[in-house]
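A.B. asks: No sequence on hand, only this structure:
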């Protein structure tokens with residue numbers, strides 16, 4: 001079979017074919033049109049490999065930030081076809097080299113804030129917010145010369161059947177020393193999201209491939225979370241009126257079907273996803289207190305401590321029943 005590689009300016013028909021493999025058509029369509037809220041930060045170039053009929057076998061969006069020697073490959077989707085995936089990656093490599101790029105990183109969906117990382121194992125179990133991909137994707141990347149350079153994992157926790165005395169003591173200490181523990185609220189959501197943005201930007205600034213965005217851009221990206229969060233399970237911590245820490249959990253909607261099931265899950269989830277945790281470095285030990293609150297939030301539920309960087313681990317390691325692996329990949333060119 002003869003394959004054709006198409007990139008850069010796509011026709012309307014080609015764009016339609018490109019988006020057929022999409023898992024987020026709205027965002028990808030905005031990026032391809034240069035109309036996404038973050039489009040001003042990067043140049044995005046689509047690549048796709050088709051057969052004679054126009055059917056897409058492999059595709060991605062290559063991203064370049066001006067002044068950088070790194071290039072990013074994201075929104076990668078492909079059939080299980082090594083030939084077309086290699087052709088795609090090779091063309092991206094040639095294009096990137098011609099504009100001065102020295103290394104390619106992926107999967108990275110144009111921005112730190114739009115998703116990254118490849119799932120490496122446990123493909124039969126998913127959870128809300130997970131960077132999911134089919135089981136053969138790692139093989140397609142590795143066959144084209146990409147290697148792991150940043151590792152992540154998620155801890156799968158059983159229903160709590162124990163208590164860590166150190167974490168419990170830390171929680172009591174902070175409660176007795178002027179720290180206020182509160183939940184996110186419906187009417188204060190925007191203001192509280194701004195507080196999270198400021199601390200999160202400070203804490204995440206040294207994360208791999210982090211890219212700073214404005215508060216207004218952050219709000220536009222994350223205000224929709226108001227519809228899916230159970231605000232009673234989002235914790236905010238204050239000390240002397242200043243924001244000190246946050247803990248954001250999501251109900252796991254991965255097995256929900258229909259609106260009624262969605263509303264039921266939001267109110268009383270069977271599994272909680274602890275997605276974001278941040279503590280101001282001024283308050284040493286507060287992380288242990290948040291771990292105790294996480295245990296209390298679980299009650300009789302399973303949970304996931306999601307996307308932990310490197311070898312770091314959350315507390316209550318004795319409750320971990322399984323660990324899922326993820327990675328950012330890199331290739332020198």
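C.D. replies: Received the coordinates, thanks. Because the structure is a prediction, the values reported are computed rather than measured.
A.B. asks: Please enumerate the helices of the stretch 1-150 of the chain.
C.D. replies: 12-19, 25-32, 82-98, 137-143 (DSSP state H, counting those that start in this stretch).
A.B. asks: Any chance of JSON lines for those helices, columns mean pLDDT, distance to residue 114 and mean neighbour count?
C.D. replies: In short, each C-beta sits where N, CA and C put it, glycine included. Output for these, formatted as JSON lines (pLDDT from 0 to 100; distance: least, C-beta to C-beta, whole Å; neighbours: other C-beta atoms under 10 Å):
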{"stretch": "helix 12-19", "mean pLDDT": "94", "distance to residue 114": "16", "mean neighbour count": "15"}
{"stretch": "helix 25-32", "mean pLDDT": "96", "distance to residue 114": "7", "mean neighbour count": "18"}
{"stretch": "helix 82-98", "mean pLDDT": "97", "distance to residue 114": "18", "mean neighbour count": "18"}
{"stretch": "helix 137-143", "mean pLDDT": "98", "distance to residue 114": "18", "mean neighbour count": "18"}
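A.B. asks: so which of the ones you listed gets nearest residue 187?
C.D. replies: helix 25-32 (27.6 Å; C-beta to C-beta).
A.B. asks: could the helices of the stretch 1-150 of the chain go into TSV alongside distance to residue 210?
C.D. replies: Shown next, in TSV, are the helices of the stretch 1-150 of the chain (distance: least, C-beta to C-beta, whole Å):
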stretch	distance to residue 210
helix 12-19	28
helix 25-32	19
helix 82-98	21
helix 137-143	22
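A.B. asks: got the contact list for the residue lying closest to residue 17 once chain neighbours are set aside?
C.D. replies: Using C-beta to C-beta, 6 or more residues apart in numbering and skipping the chain neighbours, the partner closest in space to residue 17 is residue 56 (5.1 Å). Counting by C-beta atoms under 8 Å, 6 or more residues apart in numbering, residue 56 touches 17, 18, 20, 21, 48, 49, 50.
A.B. asks: which two from those end up farthest apart in space?
C.D. replies: 20 and 49 (13.5 Å).
A.B. asks: of those two, who's got more company?
C.D. replies: residue 49 (25 against 11; other C-beta atoms under 10 Å).
A.B. asks: what sits against that one?
C.D. replies: Applying C-beta under 8 Å, 6+ apart, the residues near residue 49 are 3, 4, 5, 6, 56, 57, 58, 59, 84, 85, 87, 88.
A.B. asks: Just send those back as a markdown table, with distance to residue 147 too.
C.D. replies: A markdown table is the format used below for the contacts of residue 49 (distance: C-beta to C-beta, whole Å):
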| residue | distance to residue 147 |
| --- | --- |
| 3 | 26 |
| 4 | 29 |
| 5 | 24 |
| 6 | 28 |
| 56 | 27 |
| 57 | 24 |
| 58 | 20 |
| 59 | 22 |
| 84 | 21 |
| 85 | 16 |
| 87 | 20 |
| 88 | 18 |
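A.B. asks: Indicate each strand paired with the longest strand along the chain and its parallel or antiparallel sense.
C.D. replies: Assignment by DSSP state E gives strand 320-332 as the longest strand of the chain. Using DSSP bridges, strand 320-332 pairs in its sheet with strand 103-106 (antiparallel), strand 118-119 (antiparallel), strand 147-157 (antiparallel).
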